[in-house]
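> This is the structure alone, sequence omitted:
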């Protein structure tokens with residue numbers, strides 16, 4: 001990663017941190033990623049420069065983890081995936097079971113702090129609502 005790429009991603013992460021701190025306690029990890037929790041849902045934000053003038057933020061929220069691999073979970077996730085406007089809902093398999101995540105990636109350069117905070121909180125709130133809506137499955 002060049003110095004320019006590093007500076008762009010660091011600047012965008014700082015903007016995201018400032019925007020989120022209006023609502024949540026945010027930690028900066030050793031690698032620069034932002035971590036926080038909302039409604040019992042752990043989340044992480046990373047920045048990636050895809051090309052000149054295109055740096056994106058990726059927000060990943062872990063809605064549930066180490067869940068039994070049950071057909072009703074897959075059905076519920078598939079039904080909810082089609083209803084969401086912000087983020088991609090998915091299932092990942094691990095040695096310990098199934099993880100349900102909500103991911104959202106977007107070019108964030110140029111958004112002011114209030115707009116960035118609103119957009120991030122829409123995604124985070126969706127993840128928290130998903131966790132609350134699926135208690136019999138999660």
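Received the coordinates, thanks. Owing to the predicted nature of the structure, the values given are computational and were not obtained by experimental measurement.

> Return the residues in contact with residue 25.
By C-beta atoms under 8 Å, 6 or more residues apart in numbering, the contact set of residue 25 is residue 36. For the C-beta atoms, the positions are set from N, CA and C on the backbone; glycine is no exception.

> now swap in residue 19 and tell me
Shown in contact with residue 19 (C-beta under 8 Å, 6+ apart): 113, 114, 116, 117, 120.

> Mind picking out the helix or strand in this structure with the poorest mean pLDDT?
Sorting the helices and strands of the chain by mean pLDDT, DSSP states H and E puts helix 71-81 at the bottom, at a mean of 84.

> List the buried residues for that one?
With burial defined by 16 or more other C-beta atoms under 10 Å, the residues of helix 71-81 counted as buried are 73, 76, 77, 80.

> Check stretch 118-134 too.
Under 16+ other C-beta under 10 Å, the buried positions of stretch 118-134 are 119-121, 123-131, 134.

> Pull the distance from the longest helix along the chain to the chain's centre.
When the chain is parsed with DSSP state H, its longest helix is helix 113-133. Computed by C-alpha atoms, centre = their mean, to the nearest Å, the chain-centroid distance of helix 113-133 equals 9 Å.

> same deal with stretch 102-111?
The chain centre lies 10 Å from the centre of stretch 102-111; the measure is C-alpha atoms, centre = their mean.

> Contacts for it, please.
By C-beta under 8 Å, 6+ apart, the residues outside stretch 102-111 that reach it are 8, 12, 15-16, 53-61, 63, 84, 86-90, 116, 119, 123, 126-127, 130.

> 6 Å - rerun?
Outside stretch 102-111, the residues that touch it by C-beta atoms under 6 Å, 6 or more residues apart in numbering are 12, 54-61, 63, 86-89, 123, 127.
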